[in-house]
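**Student:** Quick one, structure for this:
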Amino acid sequence: MLVVVIAILILLYFPVASLQLILMLRNILVHDRAEMSVLVPGRRVIVEICTNGQNPSVVEHIIDVIKGYGLNLEIYVVKEDYDLFHYSANEIVVPKLYTTKNGSRKKMRGLHYGIEYLHAQGYGSETYICHLDDDSLVERDYLQYIYGMSETAGQGTIKLREYGHHLLSTLADIGRVYTCDVLCRHFNTAGKPMEVHGEGLTIRADAEYDVGWDFGTYGAEDLMMGQSLVKKGYTFGFIPYDIYIAPPVSMKDFYKQRRRWAFSLLWSVREIRAIRPVVLYWLMYRYVTTWTGFTGLIILPYTLLLGPPVPFWIVGISIFNTVSYWSSYQYGASKLNRRYMPTMLLLQIVVALYEGATIVYGAVFPPDRNSFDVIKKV
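**Tutor:** Alright, predicted model coming up:
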């Protein structure tokens, strides 16, 4: 019975193993040159940081770095009325009694108020808004590129900053690095985003106002914004530069963060399906299979010691899956810091179980729909 289960997992993982290995090889062998876009006359760029007020020093650091780029842009901080910290940027204060039509809360509510405010100030098709969380940062060329980008919206690739505080969380987030560099790059370049994340998401102001952030769900607002833009006929592209995020600094924060992501998807199934069903099916498939790439290592010793022979073609697929799985994390580690490659190799199965256990954690300790998991930012 165990062999049958593992064989099913092997077959399920094979499609994504094939895709990611092909795309990794393509990225390694074909070195795309990141060309700076040509400045569009009259283009304005806003960097918008949405914060819950718990990380003012981190937000200030991000503001200082962006100001140091020396670009002619505006910086806005969207904050709640209870956040009494005065940021060294333009502030958009969300009124305490502000409500949206669909009852959106937390970050979604703040983002929706933010675009309504900017629209009322006259920002429109000449302006692009680069969204940052209160722990994320983009490099200078990322913002420079926005001054000439032709698509309505776009996003770049994730890299890590302030990593190493918690080893397993850092190693697990290396998975985000390779996923974004391989899959996000591929789908965004094709203009069909599949895995949209909030960090670095850049949108033309009039299109953002047209869609709005009032999705009324627990989360997944970044994903639904990207898909809604495409559904409405707006173009989505790839920004060939990096976004820097900080991994969780503890196991507790890592599990809270991953639980929030999982339930954001689970509790938004109906809304995501209504916008673009293929994205829902793709993400569900990825959630089920992503951490199972190591299962091929189990089937051979089990068969040799305890079980009946495994069909040759299953053995071949399991070897292929294992190569793809290990290679993907080595690829991600090489993009971050090569010194993590040996550690990643040694702890690969541990990291897979560490990530996979978040599903169990979420099932045993589901989040409260009326609250929103917040993790420590650095």
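**Student:** going forward, measure contacts and count neighbours with C-alpha atoms only.
**Tutor:** Fine.
**Student:** the strands in the stretch 1-150 of the chain, which residues?
**Tutor:** With DSSP state E, counting those that start in this stretch as the criterion, the stretch 1-150 of the chain has strands at 44-50, 74-80, 90-94, 127-132, 137-138.
**Student:** of all those strands, which lies closest to residue 203?
**Tutor:** With Cα to Cα, the closest approach to residue 203 among those belongs to strand 127-132: 5.4 Å.
**Student:** Any buried residues in the closest one, and which?
**Tutor:** Neighbour-count burial for strand 127-132, counted by 16 or more other Cα atoms under 10 Å, picks out 127, 128, 129, 130, 131, 132.
**Student:** Of those residues, which pair is most distant in space?
**Tutor:** Using Cα to Cα, these span at most 16.1 Å, a distance reached by 127 and 132.
**Student:** returning to what we had before: relative to residue 48, which of the buried residues of strand 127-132 is nearest.
**Tutor:** residue 131 (5.0 Å).
**Student:** Can you pull out the low-pLDDT segments for the stretch 201-350 of the chain?
**Tutor:** Low-confidence regions of the stretch 201-350 of the chain, defined here as pLDDT under 70, cover residues 291, 294-310.
**Student:** Where do the strands of it begin and end?
**Tutor:** Across the stretch 201-350 of the chain, reading from the start of the chain, the strands by DSSP E, counting those that start in this stretch fall at 202-204, 236-245.
**Student:** one step back: which of the strands of the stretch 1-150 of the chain sits most buried?
**Tutor:** Counting by mean count of other Cα atoms under 10 Å, strand 137-138 has the highest mean neighbour count of those, with a mean of 26.
**Student:** if I read this right, residue 127 contacts residue 208, doesn't it?
**Tutor:** No: with contact taken as Cα atoms under 8 Å, residue 127 and residue 208 are classed as non-touching, separated by 10.5 Å.
**Student:** just the strands of the stretch 201-350 of the chain: most buried one?
**Tutor:** Burial of the strands of the stretch 201-350 of the chain is given as mean neighbour count (mean count of other Cα under 10 Å); strand 202-204 ranks first at a mean of 27.
**Student:** what does it contact?
**Tutor:** Around strand 202-204, the neighbours that count as contacts under Cα atoms under 8 Å, 6 or more residues apart in numbering are 124, 125, 126, 127, 128, 129, 130, 131, 152, 153, 154, 155.
**Student:** List just the nearest of those to residue 95.
**Tutor:** Nearest to residue 95, judged by Cα to Cα, of those is residue 131 at 20.4 Å.
**Student:** quick one, what contacts that closest one?
**Tutor:** Contact analysis of residue 131 by Cα under 8 Å, 6+ apart lists 47, 48, 49, 50, 198, 199, 200, 201, 202.
**Student:** And it, how far from residue 325?
**Tutor:** When Cα to Cα, to the nearest Å is applied, the distance between residue 131 and residue 325 equals 31 Å.
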